[in-house]
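[1] A predicted structure for the sequence below; I have some questions about it.
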Amino acid sequence: SNCSQSGSPSVTSGADSIYCRPEYQHPWSRDVRKALLQIFKLKEFRQNQLEAINATLSGKDCFVLMPTGGGKSLCYQLPACVPSGVTNGITLVVSPLLSLIHDQVSRLVSLGVHTISLTGSQTAEQRNWAFSEIYSATPRTKLIYVTPEMIMNSPKFQDALRSLHSRKKLARFVIDEAHCVSQWGHDFRPDYKQLGSLRTKYPGIPIMALTATANEKVKMDIMDCLEMRQCEKFVSSFNRPNLRYEVRKKEKSVIDDIVALIETHYPRESGIIYCGSRRACEELTDKLKRKGLPIGFYHAGLDKDDRIRIQKEWAEGFIDIIVATVAFGMGIDKADVRFVIHYSLPQSLEGYYQETGRAGRDGKESMCILYYCYRDKHTIEHLIERGEGSALQKERQRNNLRLMISYCENKIDCRRQHVLAYFGERFDKANCHRTCDNCRINVKSITKDVREDVKNIIELVWSIQNEKITINHCMDVYRGMKHAKILERQHDRLPMYGKGSSYKKQEMERLFHMLVIQQILTEHLETNGQGFTLAYARVGKNASKFRSGTQAIHFISTEDEGPSEPSPLSKAGSRKKKSKSESAPDPHQQCLEELKALRADLAAS
Ligand code: ADP
Ligand code: MG
Ligand code: ZN
């Protein structure tokens with residue numbers, strides 16, 4: 001080697017100097033480098049790739065957490081091509097989707113890597129060929145891709161695995177999209193759960209689990225279920241520097257807004273627009289088509305052939321934009337998606353992150369825009385309540401939704417910081433470089449202690465909650481509005497009427513929404529005769545702490561909430577002087593605290 005151990009610095013240059021680095025001091029390092037350049041035709045490893053490769057080649061269990069598009073496949077495809085002396089033989093890859101398996105196998109084959117797959121959808125002939133390869137004395141195959149059903153439910157395949165194992169030709173198990181193992185993940189699959197028995201059935205075989213789902217609980221659950229031991233963990237940053245984030249108010253003009261956006265910034269470019277329901281998906285497609293945009297739609301209600309056709313048309317550029325429900329996602333590997341628009345509120349920050357993550361996989365600047373209106377919350381709540389989940393799952397979904405709303409309502413914190421905090425990652429917002437709306441616009445804000453208002457609002461809602469009134473109605477009463485509904489019900493005579501007259505409309509909305517997020521108020525859903533969902537205001541489970549007005553509660557007031565509407569009751573001096581709290585809390589800290597509390601809740605439940 002031409003590394004200098006001590007003394008004068010050696011003049012090493014060119015490719016060889018790389019072998020001086022500690023991560024290249026393994027017996028397999030030269031083979032690894034060669035495989036990177038010659039087989040995979042890549043120049044450099046990305047963060048954690050080489051580290052994970054070394055760990056698995058030394059026979060350790062490892063857990064790889066990388067955002068979508070981060071390059072997880074290489075972490076197991078490359079070691080599959082390199083004999084290490086510690087682990088030799090075939091790498092078995094478990095992957096949840098046929099389309100994913102198909103893409104990866106054909107890619108590997110085109111690179112000249114001997115790869116086979118075993119799935120339920122193959123012909124007997126294909127399968128026989130695969131088995132003869134597995135049983136051959138010296139298989140040339142480097143990787144076998146299987147679905148979890150195949151590995152767990154096919155006795156024939158299990159025999160084949162046992163044979164490989166006993167002949168010491170089984171190098172490692174790879175569980176791709178490993179979050180499917182966990183019931184806490186957003187995509188749980190019962191067949192994945194059974195993979196936990198691999199450890200005992202095939203002792204001594206290292207396991208590598210990979211996922212883009214960073215939720216702490218899911219992470220622990222995966223390692224636990226798979227019985228991974230002394231696992232090496234590789235966690236990459238989830239920040240996606242080339243994505244721009246923005247939340248826009250969803251108003252009547254939303255369609256024109258979308259059209260203008262696409263026509264000015266991304267004409268003839270590829271994009272995804274996510275909708276909350278199949279119906280919304282089709283309606284939006286219609287509206288956008290009429291404006292002349294080249295689009296198609298995709299949801300789980302289409303038959304399989306249509307889904308495949310549309311995905312293909314989009315992938316190959318025959319249509320630019322796809323309007324889709326969240327059914328459209330996993331397995332999409334289109335690199336040049338320039339924008340992801342959310343036309344409806346996502347159900348969780350996790351889902352939002354995954355969906356926006358499909359933009360800009362080629363590293364070029366791309367845009368993620370979420371159109372938000374508070375009412376969309378009710379649609380999702382409705383889905384949750386009518387869904388099939390257990391009480392526990394529903395509670396988690398409600399919590400996820402609250403955090404999602406809190407993200408949308410937030411006008412202060414860096415969007416990256418907010419989302420990454422959800423994944424437990426600390427992000428310095430200086431690194432955002434004004435690529436999110438909140439950093440770019442930099443709204444002036446002050447933190448106020450609103451305990452008086454909160455106490456009043458609780459009392460107000462308490463006194464009228466049996467009358468089936470909405471949150472909006474309560475806001476109007478508190479601001480002292482005089483419309484018919486208020487007068488009819490004589491709510492202008494309530495003691496709390498007009499006490500909040502100094503608030504601008506939007507600021508009052510934000511305050512009420514904050515109270516809902518914190519479960520000081522809650523909304524009770526009912527469906528009326530015409531099938532519309534109505535949400536009635538009630539006092540929430542966290543109200544009791546604030547009823548007496550002795551407990552401080554902070555509200556971040558922004559100064560640019562639009563022009564002040566003249567309030568009917570704005571007498572001079574009616575506004576109580578709000579003392580700016582002595583030590584105004586760092587808003588980011590508050591957001592983190594809230595996330596922490598929620599995570600603790602989830603862990604406890
Ligand atoms: P993931 O499974 O993490 O979502 P993939 O493994 O599918 O990501 O990789 C995403 C893209 O990144 C692929 O196009 C892949 O070729 C590319 N890629 C992976 N590693 C590297 C690397 N070291 N250098 C350049 N491109 C890479
Ligand atoms: Mg992948
Ligand atoms: Zn930012």
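    Sure thing, it's come through. Ligands and ions are numbered 1, 2, ... in the order given.
[2] where does residue 312 land in three-state SS?
    The local conformation at residue 312, judged by DSSP: H, G, I helix; E, B strand; the rest coil, is helix.
[3] tell me the pLDDT at it?
    With respect to pLDDT, residue 312 has a value of 89.
[4] contacts for stretch 313-326?
    Here stretch 313-326 makes contact (CB atoms under 8 Å, 6 or more residues apart in numbering) with 262, 268-278, 281, 284-285, 288, 293-300, 310-311, 328, 332, 334, 343, 346-347, 351, 355. Where you see a C-beta, it was placed from the backbone N, CA and C, and this is true even at glycine.
[5] among those, which are in helices?
    Mapping those onto helices (DSSP state H) picks out 262, 278, 281, 284-285, 288, 310-311, 351, 355.
[6] Can you tell me which of these is nearest ligand 1?
    residue 355 (13.7 Å; CB to the nearest ligand atom).
[7] Give the full set of residues in contact with that closest one.
    272, 274, 326, 329, 340, 342, 346.
[8] Now with 7 Å, please.
    274, 326, 329, 340, 346 (CB atoms under 7 Å, 6 or more residues apart in numbering).
[9] any idea how far the third one is from ligand 1?
    What that stands for is residue 329. Here the criterion is CB to the nearest ligand atom, to the nearest Å. By it, residue 329 lies 12 Å from ligand 1.
[10] can you check the first one too?
    If you measure residue 274 against ligand 1 using CB to the nearest ligand atom, the figure is 19 Å.
[11] those helices in the stretch 401-550 of the chain, which residues are they?
    Remark: helices assigned in the stretch 401-550 of the chain by DSSP state H, counting those that start in this stretch are 415-422, 437-441, 451-464, 471-479, 484-488, 505-517.
[12] could the ones in helices among the contacts of stretch 313-326 be laid out in a markdown table, adding distance to residue 363?
    What follows is these, written out as a markdown table (distance: CB to CB, whole Å):
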| residue | distance to residue 363 |
| --- | --- |
| 262 | 21 |
| 278 | 33 |
| 281 | 29 |
| 284 | 29 |
| 285 | 29 |
| 288 | 28 |
| 310 | 26 |
| 311 | 23 |
| 351 | 23 |
| 355 | 19 |
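[13] and which of those residues is nearest to ligand 3?
    Within these, proximity to ligand 3 (CB to the ion) peaks at residue 355, which comes in at 18.8 Å.
[14] Which pLDDT does the model give that closest one?
    Looking at residue 355, the pLDDT reads 92.
[15] Next, count neighbours for the closest residue to ligand 3 within the stretch 51-200 of the chain.
    Closest residue of the stretch 51-200 of the chain to ligand 3, CB to the ion: residue 67 (17.0 Å). When counting by other CB atoms under 10 Å, one arrives at 20 neighbours for residue 67.
[16] What parts of this protein come near ligand 3?
    When proximity is defined as CB under 5 Å from the ion, the chain approaches ligand 3 at 414, 432, 436, 439.
[17] which of those residues tops the neighbour count?
    Going by other CB under 10 Å, residue 414 tops the residues of the chain next to ligand 3 with 25 neighbours.
[18] Help me confirm that it comes into contact with residue 438.
    Yes: at 5.9 Å, residue 414 counts as touching residue 438 under the criterion of CB atoms under 7 Å.
[19] can you tell me the average pLDDT over stretch 240-256?
    For stretch 240-256, the per-residue pLDDT averages 95.
[20] what sits up against it?
    So stretch 240-256 is contacted by 67, 287, 356-357, 359-360, 363-373, 408, 415-416, 435-437 (CB under 7 Å, 6+ apart).
[21] Would that stretch count as contacting ligand 1?
    No: counting by CB under 6 Å from any ligand atom, ligand 1 is not contacted by stretch 240-256; separation bottoms out at 11.8 Å.
[22] and the end-to-end length of stretch 314-329?
    Criterion CA to CA, to the nearest Å; first-to-last residue distance in stretch 314-329 is 13 Å.
[23] chain center to it, what's the gap?
    Averaged C-alpha coordinates place stretch 314-329 at 19 Å from its chain's average position (CA atoms, centre = their mean, to the nearest Å).
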